[in-house]
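S.K.: Below are the sequence and a predicted model; questions follow.
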Amino acid sequence: MHELSLCQNLIDQVTELARKHQARSVASVTVQIGQLAGVEPQLLETAFTIARAGTVADLAEMVTEVVAPRVLCNVCGSESEAMPSSLLCSVCGGNDTRLIRGDELILARVEMVVDD
Ligand SMILES: [Zn+2]
C-alpha cells in the first residue's frame, strides 16, 4: 500500500522532530496533500493509524488538507490556482503552463506535548 510507506516516512520525520524538541507525545500531525499527488486522504488517515502504533505519535490525530494545484503560465507569466483536470492558466486561459504546486505531500504542522 502506497499510503502506508508515505505514512512511515511521515512518522520518521515526526519522530525526529519530537526527539529534537524532547516532546512527551505528539497531539496532531497536519499534512497537505496536493490534488495531483495521487494520495487518497481517507486511505492516508487509515494508514497513519497503523504507522503511528508504538511510536511517540501513538495517540496523534492526523489532519489532512487538500491543496489545489498552482501553475505558472508561460504565456502571461501569471501564477494562479488551476483545475486539477486541465491545469489552464486562470488569468489568460492559456494551456502552456508549468505545475509549481499540487503534486506533493507536505508535513505542514506537528503539534507536540512538551514537559515544562
Ligand atoms: Zn496566463
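M.R.: Noted; the coordinates are in hand. Numbering: from 1, shown residues only.
S.K.: where does the chain have low pLDDT?
M.R.: Within the chain, the ranges that satisfy pLDDT under 70 run 1.
S.K.: sec struct for the residue sitting nearest the centre point of the chain, please.
M.R.: By Cα atoms, centre = their mean, the chain has its centre lying nearest to residue 32, at 2.7 Å. In three-state terms, and counting by DSSP: H, G, I helix; E, B strand; the rest coil, residue 32 is strand.
S.K.: Residue 47 now?
M.R.: Judged by three-state DSSP, the three-state class of residue 47 is helix.
S.K.: ok so, going back, for the residue nearest to the centre of the chain, list the residues it contacts.
M.R.: By Cβ atoms under 8 Å, 6 or more residues apart in numbering, residue 32 lies in contact with 64, 65, 66, 67, 104, 105, 106, 108. Heads up, the C-betas are built off the backbone N, CA and C, glycines and all.
S.K.: Skip the chain neighbours and tell me the closest residue to residue 78.
M.R.: Residue nearest to residue 78 in three dimensions, not counting chain neighbours: residue 91, with 4.0 Å by Cβ to Cβ, 6 or more residues apart in numbering.
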